[in-house]
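Asks: coords please:
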Amino acid sequence: MKKTLINTDPQKSKSLVVLEHILLFVCLSIVALRTTIIEGPAMRAPSLPTNLTDPIYSLSLSAILTLAFIIWLVWSFCSKTFLYRITGIEIGLCIFGVAAVVSGLAASDKRLAITDIAMMLAPIFAAILLIQTLDTPAKIRLALTVIAALGVVCAYQAAEQFFISNQMTIEQYEQDPNVLLKPLGIEPGTFKHFLFEHRLYSRGIRGFFTTRNSAGSFLLMAFFASLGLFIEQLRTQRTKSFITHLLARGLIAAIIIFALALTRSKGAFIGLLFALVVFIASIRYSNWLIAHKKLILFTCLVVLIAATYAIASYGLKYNRLPGGNSMLVRWQYWRAAAQMYADHPVRGVGPGNFAYYYTRYKPPSALESVANPHNFPLSVLTQYGPIGLIGFMAMIFVPLWNASSISLSSPAKKSNQQRQLLKHPTVTFMLAISAVLLLLRPPLMPKTPMENIDLMIYIVVTQYVAPVAAFVIGFFLLTVPLDLTQTTKQKTHSTSTLTIVCCCAIVAVLIHNLIDFAIFEPGVYTAFFAITACLIAAHHQHNSIPTRALTPSLPTKAITVTALSIFVIAYFYFAWWPVYKNTTNIKKAHHAISHGQLEQAHGLLSIAVKEDSLSPAALNLNGRVYLQQYIQTERKQTALLKKSELCFLQAIERNRADFKNYERLATVYDLLSEHHKAYEVSLKAIKLYPGSGRLRFSFAQIAEKLGKADIALVQYRGAIRIEDSFRRHFQQMYPDKKEIVSRLGKDKYEFALQRIEKLESNL
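Replies: As a prediction, the model looks like this:
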């Protein structure tokens with residue numbers, strides 16, 4: 001294979017240019033879909049009816065991004081000359097990929113690990129693809145324009161929630177709480193019910209994301225994209241329409257900032273302020289920063305180490321961090337994550353498996369169990385191990401380091417104009433992405449019951465039409481003053497601006513996610529690596545970095561195409577197809593259960609178990625249905641309990657870290673009067689969740705049935721101690737709440753106190 005460096009961008013073939021335009025549209029369309037449809041992270045429980053479509057949808061979009069990259073790679077590699085821009089991501093990606101395989105093999109729930117890996121890698125592949133296709137400043141501006149216009153869509157949704165829908169949801173809940181509680185599996189009067197009400201009445205503004213912090217992270221990127229386009233307009237030649245065009249872009253930036261304010265995300269504002277400081281410093285002191293960037297890097301590392309030491313010291317001394325309740329609970333997350341990593345220092349606990357292990361380290365007083373430590377380095381470290389963290393950080397910071405030598409005042413080098421096939425690329429991409437949003441969002445979004453024609457019109461307008469209109473308006477205001485068909489020579493000076501604003505957007509999101517997990521929400525994560533791609537592409541354009549030209553031999557092409565084909569087939573059969581069949585059958589089973597067709601539900605769940613040999617979700621649900629069926633029938637059928645036992649045993653084989661399978665299996669053994677087995681299984685459940693008062697209470701009752709009064713006494717005391725610590729923590733978190741919500745339950749708490757008194761008197 002011959003390899004050369006081309007100092008100027010070579011002319012690509014017409015077919016490759018067409019393909020790259022199509023793939024660019026595909027990537028930007030998926031960014032648009034993921035930021036306008038609520039898509040939860042991979043670790044959300046797949047057995048809940050409200051979450052059933054998430055894995056299929058997420059894996060499908062991830063598969064499209066991965067396939068788009070592979071199509072480009074095969075097409076380009078099989079061309080006469082393979083042209084490739086070094087991205088700076090490659091080494092980090094290889095390291096992270098190795099760590100993903102190693103940690104995935106160590107994961108307790110391997111299905112969740114595979115899903116998490118697929119969703120983590122797809123946006124990275126898309127970023128590499130975008131770097132190859134964003135070969136002119138015009139295309140880079142197009143990508144940033146899409147992200148900024150999507151920020152307007154997020155702003156619309158935030159305003160709609162603030163002024164209208166949040167109040168409507170509260171009114172709906174107050175009329176009939178079960179309408180909202182039942183689909184979520186929340187029992188009235190429980191602690192989960194309290195948390196639901198607390199979030200509901202807090203009127204959180206989250207746009208099309210799962211949390212307000214996720215919306216904040218995306219809006220940070222949208223703001224800096226709009227800021228870059230604003231500054232670019234500011235630096236253009238003054239014309240009669242200059243002020244109008246400048247105000248149009250300024251208006252977009254102001255709208256996005258307004259939406260950011262509505263989210264009330266403190267972490268996002270901290271990231272914004274820090275990034276603005278970096279931006280201003282890059283403008284005013286760019287030459288000095290470039291000359292001393294190694295010293296600055298060393299200073300930042302020293303400050304980071306010192307800050308980490310100070311935070312850890314303060315937390316260990318006061319068992320919390322300075323600040324409000326949010327920092328108090330974050331110390332709980334971080335300390336538990338540190339203990340988790342100490343027990344799994346090499347491979348981590350496995351991708352997506354944090355939630356299963358968190359209960360082992362969760363403080364007994366902590367109010368919630370979480371699926372992420374709310375700190376992106378800790379999240380990667382605990383799940384992918386130190387090698388995974390090194391690879392992940394390298395994919396981000398190597399491009400940042402490479403781009404750190406660019407200043408606004410530095411002249412750009414000239415490059416040749418690429419072939420432009422679209423006469424009006426701005427209009428074409430705007431119409432195409434708008435069509436995707438208008439046609440694909442309605443069938444992909446959760447169905448809302450439409451009781452009358454007025455409600456139907458309201459939903460169609462507010463949920464389907466208005467977001468597309470917001471995108472078109474935002475896109476129009478950002479692009480009308482900009483002619484994307486002008487030559488690269490005319491506009492190459494703007495790449496320095498785009499590089500710097502992309503750097504600031506990345507820095508803002510990273511700072512924010514030192515205290516949150518928003519970066520791992522698919523919409524934010526995909527947009528983040530799209531911004532990273534814009535950064536690298538702008539850096540290449542600004543410095544005219546040589547493109548590598550390879551001339552692969554025929555055998556090399558054949559081996560490469562074969563390997564990539566095997567990868568695609570493996571992805572389909574091991575990552576996508578089992579999840580599709582599993583979740584489809586579970587969804588049908590839920591429908592059958594809701595209509596009382598339990599035998600049909602059991603059959604569908606049995607099929608789901610066979611279709612996906614790794615997932616424990618169908619087994620867990622089937623075991624619960626058998627157990628509930630036994631409890632609700634007047635004639636107690638032991639055969640139902642035996643079937644439930646088998647389901648939970650098989651679920652444990654597929655995931656030994658989930659305490660819930662052991663807890664339910666102990667209930668089955670208790671009903672079967674096999675108390676010795678119930679005792680052993682309960683003991684395993686407590687080891688997986690030592691801070692659960694509920695588990696200790698049940699274990700104490702089983703111990704009493706076996707005549708182990710001393711052990712029962714210890715467990716009753718443990719249940720009371722855990723509940724008391726929870727109540728104290730609850731009062732600390734919610735001092736204005738007059739009635740303390742019990743996690744153990746009032747009846748069980750009083751019963752435990754009575755049993756302690758009785759057992760103590762007998763000993």
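Asks: quick one: average confidence on stretch 29-46?
Replies: What stretch 29-46 shows for mean pLDDT is 81.
Asks: right, and the helix or strand after the helix or strand bottoming out on mean pLDDT in the chain?
Replies: One helix or strand of the chain scores below all others by mean pLDDT, DSSP states H and E: helix 488-491, with a mean of 41. Following helix 488-491 in sequence order, the next helix or strand is helix 495-512 (DSSP states H and E).
Asks: starting at the chain centroid, how far to that following helix?
Replies: Counting by CA atoms, centre = their mean, to the nearest Å, helix 495-512 is centred 20 Å from the centre of its parent chain.
Asks: list the helices and strands that helix packs on?
Replies: Packing partners of helix 495-512 (3 or more CB pairs under 8 Å, 6 or more residues apart in numbering; DSSP states H and E): helix 137-160, helix 212-234, helix 266-284, helix 376-403, helix 522-543. C-beta here means a position set from N, CA and C on the backbone, and glycine is covered the same way.
Asks: now the longest one: buried residues?
Replies: Think helix 376-403. Neighbour counts over helix 376-403 (16 or more other CB atoms under 10 Å) mark 376-385, 387-400, 402-403 as buried.
Asks: and for the nearest residue to residue 462 once chain neighbours are set aside, the neighbour number?
Replies: Spatial nearest neighbour of residue 462, chain neighbours left out: residue 160 (6.2 Å); criterion: CB to CB, 6 or more residues apart in numbering. Residues near residue 160, counting by other CB atoms under 10 Å, number 18.
Asks: if I look at residue 160, what pLDDT would I see?
Replies: pLDDT, residue 160: 93.
Asks: what are the ranges of the strands in this protein?
Replies: With DSSP state E as the criterion, the chain has strands at 2-6, 82-84, 547-551.
Asks: distance of the closest residue to residue 394 other than its chain neighbours relative to residue 76?
Replies: Nearest non-adjacent residue to residue 394, counting by CB to CB, 6+ apart: residue 92, 3.1 Å away. Going from residue 92 to residue 76 by CB to CB, to the nearest Å gives 22 Å.
Asks: same deal with residue 575?
Replies: Applying CB to CB to residue 575 and residue 76 gives a distance of 24 Å.
Asks: just to check, residue 527 is in contact with residue 33?
Replies: No - contact criterion CB atoms under 8 Å: residue 527 and residue 33 do not qualify, at 11.4 Å.
Asks: who has more neighbours out of the two?
Replies: Set residue 527 next to residue 33 and count neighbours by other CB under 10 Å: residue 527 wins out with 29 against 23.
Asks: wait, what's in contact with that one?
Replies: By CB atoms under 8 Å, 6 or more residues apart in numbering, residue 527 lies in contact with 31, 34-35, 147, 150, 218, 221.
Asks: okay, now residue 747: neighbour count?
Replies: 9.
Asks: try residue 199
Replies: Neighbours of residue 199 (other CB under 10 Å): 11.
Asks: residue ranges with poor pLDDT in the stretch 401-550 of the chain?
Replies: Within the stretch 401-550 of the chain, the segments meeting pLDDT under 70 span 406-424, 448-451, 481-494.
Asks: one more time with 50, if that's ok
Replies: Applying pLDDT under 50 to the stretch 401-550 of the chain flags residues 415, 482-493.
Asks: walk me through the domains of the chain.
Replies: Domains of the chain are assigned by automatic domain parsing as 2-186+205-291+374-552, 614-762.
Asks: gap between the shortest one and the chain center?
Replies: Centre-to-centre, domain 614-762 and its host chain are 31 Å apart (CA atoms, centre = their mean).
Asks: same question, stretch 538-556
Replies: 32 Å.
Asks: what lies in contact with stretch 193-202?
Replies: 169-170, 173, 180-181, 184, 186-187, 367-368, 734, 741.
Asks: and which of the residues you listed is nearest to residue 427?
Replies: Using CB to CB, residue 169 comes nearest to residue 427 of those, at 37.6 Å.
Asks: who are the contact partners of the closest one?
Replies: Applying CB under 8 Å, 6+ apart to residue 169 gives the contacts 180, 200.
Asks: if we can go back for a sec, with distance to residue 122 added, can I get the helices and strands packed on helix 495-512 in a markdown table?
Replies: Supplementary listing: the helices and strands packed on helix 495-512 in a markdown table, determined by distance: least, CB to CB, whole Å:
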| stretch | distance to residue 122 |
| --- | --- |
| helix 137-160 | 17 |
| helix 212-234 | 18 |
| helix 266-284 | 25 |
| helix 376-403 | 13 |
| helix 522-543 | 8 |
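Asks: residue 127: which of those helices is closest?
Replies: helix 522-543 (4.0 Å).
Asks: what's the angle between that closest one and helix 376-403?
Replies: Here helix 522-543 runs at 20 degrees with respect to helix 376-403, directions being taken by axes from the mean of the first three to the mean of the last three CA atoms, to 10 degrees.
Asks: just how off-centre is helix 522-543 within its chain?
Replies: Distance, stretch centre to chain centre, for helix 522-543: 18 Å (CA atoms, centre = their mean).
Asks: and that helix, what's buried?
Replies: Applying 16+ other CB under 10 Å to helix 522-543 flags 522-543 as buried.
Asks: likewise stretch 178-188?
Replies: For stretch 178-188, by 16+ other CB under 10 Å, it's 180-181, 186.
Asks: how about stretch 159-169?
Replies: For stretch 159-169, a neighbour-count test (16+ other CB under 10 Å) marks 159-162, 166 as buried.
Asks: phi, psi for the residue most central in space within the chain please.
Replies: Closest to where the C-alpha atoms of the chain average out (CA atoms, centre = their mean) is residue 521, at 1.9 Å. For residue 521, the backbone dihedrals (degrees, to the nearest 10) come out as phi -70, psi 130.
Asks: and if you look at residue 187?
Replies: phi -80, psi 130.
Asks: quick one: residue 732 from residue 690, how far?
Replies: For residue 732 relative to residue 690 (CB to CB), the value is 22 Å.
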